[in-house]
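Asks: generate a structure from the sequence data that follows.
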Amino acid sequence: MTTAIKIEGLSKKYIIGHEKQGHYSTLRESLSHSARSFARRIRHPLQPNTEEWKLEEFWALKDINIEISQGDKVGIIGRNGAGKSTLLKILSRITEPTAGKIHINGRIASLLEVGTGFHPELTGRENIYLNGAILGMNRKEIKSKFDEIVDFADIEKFLDTPVKRYSSGMYVRLAFAIAAHLEPEILIVDEVLAVGDAQFQKKCIGKMEEAGSEGRTILFVSHNMSAINTLCNKGILLNTGKVVCDDTSSNVIIEYMQQDIVASGHKFVGVVPKDPNAKAVIYEAYVLDAESNPSHSVFIDQESAINIIWKLNVNVPFLRVGIEITDSMGVVIISSMDTDSTDLHGKPRKPGIFNETMKIPPYVLMPDNYSVKVFAGITGIERIMEVDNLLSFEVLDNQSHLSNVVNERRSGYVAMALPWEVNFDSDQ
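Replies: As a prediction, the model looks like this:
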């Protein structure tokens, strides 16, 4: 298969300056210090002021080696600061690498920031032609795609309005429409799509799927694991500027989610440091198996539960406590409130210690690894407590009747055994 992008030993270094924190000084001392610093800069203009600044090397990327084949749809994931955007900027030739080589086979279109390459004084119509020219298209090619771009961006009414008057949503719709419709061999999309509304994001995912089916290469950075899993066949996980995992998108997402759970420091028993000034605080939390024992694993065909012990320090009207259970792909499978099946709805709560248990019936969660988030607050008004990744646990399939004969996981998010009715009429 033809290689679209080959990265060898890629590194990017930045120099960061840290200003030294000095003691409080009088006006006379400050003026004297400023005069000395000014005189020093006059005498030695190229010498850094080591008294005030400490320089540090920061490697945004370190020895990256990646090979991407033509037609691959690659999801690049990682925590903030992992080096994702730096990698895309180097591939887009916005910034130069410190070391390493990049071989690119094909024309690249990048969408890294809202309105990148737009001239604010030009109209939407003029910017379509300008961006097309920047991407290497001639006027005839741009004209043949013009109506599709305008229709996709949904800006026909404002086509002859200067883009400086566009909202951020209109900006990103037009920018993506241009980049996607001018048919580059390689399309690079950063998480800028988060600016658009849900309907537009769905259109963008559909367009990228279409581009991928036509054999074009896509690099997609997003914190939306569901979108990555749906769109991409390959994934790359970055951490502190290094490649941690280069595999199928599903395997990379699982690795990322597991890292996030481990980083939180909590497993099947969670204890949160207590803040005496907080309105509410969790004391303890547990994943309980069928025998009500704390456990890191439960069986698919047995009841399990989440138990939380927490303290309320103030009077709160209309308080609701909630639990979210998220699977290894980052999809929220269960979101439940303690007011769903109790008489607490609409009632105020007084300060005190609460011991609450949410039961999970058998055949609800598929075999997978899960993380638990706990929160409390007044819906739409105030969140007084929130802890992500408080607990993590695994659901195991002990050869229940939901197991496939080839021992593969069924598709879908829930394991419910739904009622069927089967009628049979013999031909005899």
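
Asks: and the helices in the chain?
Replies: Under the criterion DSSP state H, the chain contains helices at 27-43, 84-91, 124-134, 139-153, 168-181, 198-213, 225-231, 249-264.

Asks: need those in TSV with mean pLDDT and mean neighbour count, can you?
Replies: Just so you know, the C-beta spots here come from the backbone N, C-alpha and C atoms, and that holds for glycine as well. Formatted as TSV, those follow (pLDDT from 0 to 100; neighbours: other CB atoms under 10 Å):
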stretch	mean pLDDT	mean neighbour count
helix 27-43	65	11
helix 84-91	89	22
helix 124-134	86	19
helix 139-153	88	15
helix 168-181	80	23
helix 198-213	77	16
helix 225-231	77	20
helix 249-264	70	19
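
Asks: mind checking those for the one nearest to Lys242?
Replies: Closest to Lys242 of the helices of the chain, according to CB to CB: helix 84-91, at 11.2 Å.

Asks: would CSV of the helices of the chain with distance to Gly71 be doable?
Replies: Below are the helices of the chain laid out as CSV (distance: least, CB to CB, whole Å):
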stretch, distance to Gly71
helix 27-43, 55
helix 84-91, 17
helix 124-134, 24
helix 139-153, 21
helix 168-181, 16
helix 198-213, 7
helix 225-231, 13
helix 249-264, 14
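
Asks: out of these, which comes closest to Ile308?
Replies: Proximity to Ile308 (CB to CB) singles out helix 249-264 among these, at 15.7 Å.

Asks: what stretches of the protein score poorly on pLDDT?
Replies: Scanning the chain for pLDDT under 70 picks out 1, 17-55, 113-117, 191-198, 257-276, 398-410, 427-428.

Asks: can I see the domain layout of it?
Replies: Annotated domains of the chain cover 59-262, 269-396 [automatic domain parsing].

Asks: could those go into JSON lines alongside distance to Val414?
Replies: Shown next, in JSON lines, are these (distance: least, CB to CB, whole Å):
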{"stretch": "domain 59-262", "distance to Val414": "15"}
{"stretch": "domain 269-396", "distance to Val414": "6"}
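
Asks: so which of these comes closest to Gly412?
Replies: Across those, closest to Gly412 is domain 269-396 (CB to CB), at 6.9 Å.

Asks: give me the distance from that closest one to the chain's centre.
Replies: 23 Å (CA atoms, centre = their mean, to the nearest Å).

Asks: likewise for stretch 5-15?
Replies: For stretch 5-15, the distance to the chain centre is 23 Å (CA atoms, centre = their mean).

Asks: what residues of that stretch count as buried?
Replies: Within stretch 5-15, the residues scored as buried using 16 or more other CB atoms under 10 Å are 5, 7, 10-12.

Asks: kindly report the same for stretch 346-360.
Replies: Result for stretch 346-360 [16+ other CB under 10 Å]: buried residues 349, 354, 356, 358, 360.

Asks: skipping its backbone neighbours, what lies nearest Gly9 in space?
Replies: In space, Gly9 comes closest to Gly100 once its chain neighbours are excluded; the distance is 4.1 Å by CB to CB, 6 or more residues apart in numbering.

Asks: could you report the neighbour count for the one you found?
Replies: Around Gly100 there are 17 other residues, counting by other CB atoms under 10 Å.

Asks: ditto for Phe220
Replies: That count, for Phe220 with other CB under 10 Å as the rule, works out to 27.

Asks: same question for Glu324.
Replies: Other residues close to Glu324 by other CB under 10 Å number 15.

Asks: how close does the closest residue to it other than its chain neighbours get to Ile333?
Replies: The spatial neighbour of Glu324 that comes closest, neighbours along the chain excluded (CB to CB, 6+ apart), is Lys373 at 4.3 Å. The spacing between Lys373 and Ile333, counted by CB to CB, to the nearest Å, is 12 Å.

Asks: which among the helices of the chain is found nearest to Asn315?
Replies: Proximity to Asn315, assessed across the helices of the chain by CB to CB, is greatest for helix 249-264 (30.7 Å).

Asks: about what we covered before: give me the subset of the buried residues of stretch 346-360 lying in strands.
Replies: Counting by DSSP state E, the buried residues of stretch 346-360 place 354, 356, 358, 360 in strands.

Asks: residue contacts, the first one?
Replies: For Phe354, the contact set (CB atoms under 8 Å, 6 or more residues apart in numbering) comprises 308-312, 321.

Asks: hmm, 6 Å instead?
Replies: Residues in contact with Phe354 (CB atoms under 6 Å, 6 or more residues apart in numbering) are Trp310.

Asks: what do you get for the third one?
Replies: In this structure, Met358 makes contact with 306, 323, 336, judged by CB under 6 Å, 6+ apart.

Asks: counting only strands, which of those residues make the cut?
Replies: 306, 323, 336.

Asks: can you flag the buried ones in the residues you listed?
Replies: 306, 323, 336.

Asks: from Phe220, how far off is Glu291?
Replies: 45 Å.

Asks: now the most centrally placed residue in the chain: how far from Arg383?
Replies: Centroid check for the chain by CA atoms, centre = their mean gives His223 as the closest residue, at 1.1 Å. According to CB to CB, His223 and Arg383 sit 20 Å apart.

Asks: what sits opposite Ala376 in the beta ladder?
Replies: Beta-bridge pairing for Ala376 (DSSP bridges): Val321, Met385.

Asks: burial measure for it, as a count.
Replies: 26.

Asks: is it in contact with Val387, as I believe?
Replies: No. In this structure Ala376 lies outside contact range of Val387 using CB atoms under 6 Å: 9.8 Å.

Asks: just the buried residues of stretch 5-15: which are in strands?
Replies: Counting by DSSP E, the buried residues of stretch 5-15 place 5, 7, 10-12 in strands.

Asks: return the member of those residues nearest to Ile188.
Replies: Nearest member of those to Ile188, counting by CB to CB, is Ile5, at 9.8 Å.

Asks: apart from its neighbours in sequence, what residue is nearest that closest one?
Replies: With sequence-adjacent residues excluded and distances taken as CB to CB, 6+ apart, Ile5 is closest to Ile68, at 4.3 Å.

Asks: now that neighbour: how far from Phe424?
Replies: For Ile68 relative to Phe424 (CB to CB), the value is 52 Å.
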